[in-house]
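Peer 1: show me the folded form of this:
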Amino acid sequence: MNRHRTAWQGALPAFLLLLFLALIFLSIRQSGSQEKEMTEEIPLQPQPQVEEAPSVPRQGESLYAGTSCWLSQCLSKQDRQMLREAFTLEDEEVYSFLQGPKSWKARRPWSGSWCRFRVEGNPFGGFGCGLCCMANIYNTLSPYEVSPLDMYDYARAVSNYSPSGAVGAIDWRDMRDSLKNCGFSCKLYKKPGSFQRFKKQIAKAKSAIVLVSSYEDDAYWQDTPGHYVNIWLYREEDGTVFLAEPGDPDKNRSRIPLRYVYDALKTSNQFQYLTVKGYTEEANQWKADGISVKWKRPKG
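Peer 2: Now for the predicted structure:
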């Protein structure tokens, strides 16, 4: 795979030039066709089966190449993944699912009907934060898309994850093992003695799942005994990370100082965070794709 990946990436500039010229040709043809038949509307692609189906592609397939074509329609999943790896990930491309029923009742973007799922009376909204974070990682860094409930089912199948009415949250090792089966290289960490070391680890990672608690520090999180959140894209110039906060729609998709995360790491737990170094398609034993439950896909 590394030999093929190197050869493909070496030819990437020529491939993109040819693709760009072809898209210009297709765009010109489409413009001519629209002048002749002004009353005919041609959708860019089929609408996904969601509660509100906007006429935009899925996140992770949003490399736009002009009015004539989305790259998701032109490339195979393998080529699309290689192309994505050649570009820098942006905040807007990150998935950030919400876990709770209040968000779904208000139809907040990124919320879904998975909040109604229960394990022996234990609601997903009370324990699903880690599973939302895992689904964020899977959808953002791979060419596939699943719901947090799909991730729940897969984690139960490939790890020792066994939720109950008393305890529903996924444990660190089950989280790591499930993500490895999805093709991700990841590692568990305890809180280091210095913020600088933590910052260096997060800056190198593609993403991280962290366990925070207001008992450690309440500068940002309040009334939070223990909660998984997902952080992305450390920015050196202002020391912030992009936060995917499954439990709070108002804090979700915001940038916060990484220092807030470090100070709030829950040290009473065996581990405090998991970093994701990368994704390998051949190591993905799942390759699930498609969200069948109702959810509020964000517009734009």
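Peer 1: pLDDT wise, what is the closest residue to Asp217 other than its chain neighbours at?
Peer 2: In space, and not counting its chain neighbours, Asp217 is closest to Asp263: 3.9 Å by C-beta to C-beta, 6 or more residues apart in numbering. Bear in mind the C-beta positions are built from the backbone N, C-alpha and C, glycine included. We have a pLDDT of 98 for Asp263.
Peer 1: tell me the secondary structure at Asp263.
Peer 2: helix (DSSP: H, G, I helix; E, B strand; the rest coil).
Peer 1: contacting residues for it?
Peer 2: 216-217, 219 (C-beta atoms under 8 Å, 6 or more residues apart in numbering).
Peer 1: and these as a markdown table, adding secondary structure and distance to Arg118?
Peer 2: Compiled in a markdown table, the contacts of Asp263 are given as follows (DSSP: H, G, I helix; E, B strand; the rest coil; distance: C-beta to C-beta, whole Å):
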| residue | secondary structure | distance to Arg118 |
| --- | --- | --- |
| Glu216 | coil | 30 |
| Asp217 | coil | 32 |
| Ala219 | coil | 33 |
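Peer 1: drop anything exposed from those residues.
Peer 2: Buried residues within the contacts of Asp263, counting neighbours by 16 or more other C-beta atoms under 10 Å: 216-217.
Peer 1: turn the contacts of Asp263 into a markdown table, including distance to Ser96.
Peer 2: Shown next, in a markdown table, are the contacts of Asp263 (distance: C-beta to C-beta, whole Å):
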| residue | distance to Ser96 |
| --- | --- |
| Glu216 | 23 |
| Asp217 | 22 |
| Ala219 | 21 |
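Peer 1: of the contacts of Asp263, which is the nearest to Gln272?
Peer 2: Of all these, Glu216 has the smallest distance to Gln272: 9.5 Å, by C-beta to C-beta.
Peer 1: any idea how far Thr224 is from the closest one?
Peer 2: Distance of Glu216 to Thr224, given as C-beta to C-beta, to the nearest Å: 10 Å.
Peer 1: what of Arg156?
Peer 2: Relative to Thr224, Arg156 is positioned 26 Å away (C-beta to C-beta).
Peer 1: what ranges in this protein fall below the confidence cut-off?
Peer 2: 1-87, 300 (pLDDT under 70).
Peer 1: cutoff 50 now
Peer 2: For the chain, the stretches flagged by pLDDT under 50 are 1-9, 32-72.
Peer 1: the longest strand in it is where?
Peer 2: Scanning the chain for the strand with the most residues, using DSSP state E, yields strand 273-284.
Peer 1: find the nearest non-adjacent residue to Lys206, please.
Peer 2: Spatial nearest neighbour of Lys206, chain neighbours left out: Val276 (4.8 Å); criterion: C-beta to C-beta, 6+ apart.
Peer 1: so Leu89 touches Ala205, yeah?
Peer 2: No: Leu89 lies out of contact with Ala205 (C-beta atoms under 8 Å); the separation is 11.8 Å.
Peer 1: neighbour count for those two, which is higher?
Peer 2: A direct count of neighbours by other C-beta atoms under 10 Å for Leu89 and Ala205 places Ala205 higher, at 20 against 17.
Peer 1: tell me the spacing between that one and Val167.
Peer 2: Ala205 is 28 Å from Val167, by C-beta to C-beta.
Peer 1: thought Cys186 was touching the residue nearest to Lys206, still the case?
Peer 2: Yes: counting by C-beta under 8 Å, Val276 touches Cys186, with 4.8 Å between them.
Peer 1: mutual contacts of the two, please.
Peer 2: Contacts common to Val276 and Cys186, judged by C-beta under 8 Å, 6+ apart, are Leu179.
Peer 1: buried set for the particular helix or strand that has Phe198 in it?
Peer 2: For Phe198, the host element (DSSP states H and E) is helix 195-204. Across helix 195-204, burial judged by 16+ other C-beta under 10 Å covers 198-199, 201-202.
Peer 1: what segments of the stretch 101-250 of the chain are helices?
Peer 2: Taking DSSP state H, counting those that start in this stretch, the helices of the stretch 101-250 of the chain run over residues 101-105, 124-127, 129-141, 148-158, 172-181, 195-204.
Peer 1: let's have those in CSV, adding distance to Trp232.
Peer 2: As requested, those are exported to CSV (distance: least, C-beta to C-beta, whole Å):
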stretch, distance to Trp232
helix 101-105, 20
helix 124-127, 23
helix 129-141, 8
helix 148-158, 17
helix 172-181, 15
helix 195-204, 9
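Peer 1: that's all I had, so thanks and see you.
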